[in-house]
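K.L.:
Please find the sequence and the predicted model below.
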Amino acid sequence: MINSGAYIEHHMHHLQFNLATMSWGNGGFWTINVDSMIMSILMGLIFVLTFHVVTRKLSVDKPGKLQNFIEFLIEFIDGISRESFKAENKLIAPLALTIFVWVILMNVMDLLPVDLVPLLANMLGAGHYRAVPTADPNITFGMSLSVFVLMIFYNFKGKGLKGFTKELCVHPFGGFLAPLNIAFRILEDIVKPFSLSLRLFGNMFAGELIFIIIATMPWWIQFVLGVPWALFHILIILIQAFIFMMLTIVYLSMAYEKH
Amino acid sequence: MHNIVALTPTIFAMTAIAAALLIGMAGFGTAIGFGLLGGKYLEGVARQPELAAQLRGQFFLMAGFIDAFAAISIGMGLYLFFAGNPFVAALTTMAQATH
């Protein structure tokens, strides 16, 4: 039996690959977290393949349960994106659907027993393995930076170069304080991807950590503590995925619309 | 080496206080936030019951916002409590480097 501190430490390590020397281990900047990559790509594939299979077998007369569920999801996202993003746009609803389902699938890995996936990975020879991709800041920052790039793109697309420059210079305080306005705008826009990704990462990391801490306790108390936390965590998983999607739509619509 | 041994209990005590603050203040803030949020939600529903479904969605969204930072803070606090103390570990590595 190892002590709880070492157990938690062991569960906090990623399976890392050093791209500079092409060997396993931490290589500073040139490190890739293989476990997060595998899990997130796997979840993405599950999402895309499930939706693809269902759309190949569409049925009007006798829709299956899965088809009903997916139709419900699509209508739900469609309603929200129409409500929050007023302009006509082909990208927003698919983007929102992808983010929502993908983040949910990645978060759901938190509900698997904490030692299950690391155990399976151990059998394949990986010493460390973290199953929850969204508990890795690299994944959440990757997603929020993509949203950030889209935000800048939509600023130009919605307002044009002239309109965007004008908004940058005059927005909160008028044209006389243009440098101050630009400084505020830079701050405002840089905070967005940070808060977006840190919120998701922090929640999932904290959730995972609490599951791990529960796993270090005596066996007879695990059920009593683990089940309520898992039930509560289902709510957090859904809400965090929803918030990530909702804020993406809101940020993009703020970028797109003229003021 | 003597210094390290003398410092360790202090660091443990400080860490315990930090963890207590992290968990306690997060709980404090969330309690106030949820009180305001739930109260306003009930008020809104009492005034316009037909908006209840719409408000419930917004309520859960805001609950997620309130919960987010408290969950992070509590997670960090529990990490300091249960996992190996990172500050003592840092001190130990520092001591090993100097010797």
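P.N.:
Good, I have the coordinates.
K.L.:
Touching, A:Glu71 and A:Pro63? I think so.
P.N.:
Yes - A:Glu71 lies in contact with A:Pro63 (Cβ atoms under 8 Å); the separation is 7.2 Å. For every residue, glycine as well, the C-beta is placed using N, CA and C.
K.L.:
Which residue does chain A have closest to chain B?
P.N.:
Using Cβ to the nearest Cβ, the single residue of chain A nearest to chain B is A:Ala206, 2.4 Å away.
K.L.:
Could you verify my assumption that that residue touches B:Phe69?
P.N.:
No - contact criterion Cβ under 8 Å: A:Ala206 and B:Phe69 do not qualify, at 10.2 Å.
K.L.:
So for the two, which residue has more residues nearby?
P.N.:
Between A:Ala206 and B:Phe69, counted using other Cβ atoms under 10 Å in any protein chain shown, A:Ala206 has the larger neighbour count: 24 against 18.
K.L.:
What sits closest to that one if chain neighbours are left out?
P.N.:
Closest residue in space to A:Ala206, ignoring its immediate chain neighbours: B:Gly75 at 2.4 Å, by Cβ to Cβ, 6 or more residues apart in numbering or on different chains.
K.L.:
neighbours around that neighbour, how many?
P.N.:
Applying other Cβ under 10 Å, we find 24 residues neighbouring B:Gly75.
K.L.:
Taking chain B, what residue is nearest to chain A?
P.N.:
Closest contact between chain B and chain A, by Cβ to the nearest Cβ, is at B:Gly75 (2.4 Å).
K.L.:
Name the next helix or strand downstream of the helix or strand hosting that residue, please.
P.N.:
Taking DSSP states H and E as the criterion, B:Gly75 maps to helix B:52-82. Proceeding N to C from helix B:52-82, the next assigned helix or strand is helix B:86-98, under DSSP H and E.
K.L.:
So what's the residue count around residue 57?
P.N.:
In the absence of a named chain, this looks at chain A. 11.
K.L.:
I was thinking of chain B, sorry if that wasn't clear
P.N.:
Residues lying near B:Gly57 (other Cβ under 10 Å) number 12.
K.L.:
And the contacts of stretch B:57-77?
P.N.:
A:198-199, A:202-203, A:205-207, A:209-210, A:236, A:239-240, A:242-243, A:246, B:18-23, B:25-27, B:29-30, B:33-34, B:37-38, B:41 (Cβ atoms under 8 Å, 6 or more residues apart in numbering or on different chains).
K.L.:
separation between the residue nearest to A:Ala206 and B:Phe69?
P.N.:
11 Å (Cβ to Cβ, to the nearest Å).
K.L.:
just B:Phe28 next, same as before
P.N.:
B:Phe28 sits 12 Å away from B:Phe69, going by Cβ to Cβ.
K.L.:
A:Ala183 now?
P.N.:
Distance, A:Ala183 to B:Phe69, by Cβ to Cβ: 26 Å.
K.L.:
and if you look at A:Met22?
P.N.:
A:Met22 sits 40 Å away from B:Phe69, going by Cβ to Cβ.
K.L.:
same thing with A:His233?
P.N.:
Note on A:His233: its distance to B:Phe69, by Cβ to Cβ, is 17 Å.
K.L.:
so what's A:Phe51 up against?
P.N.:
A:70, A:101.
K.L.:
secondary structure class for it?
P.N.:
helix (DSSP: H, G, I helix; E, B strand; the rest coil).
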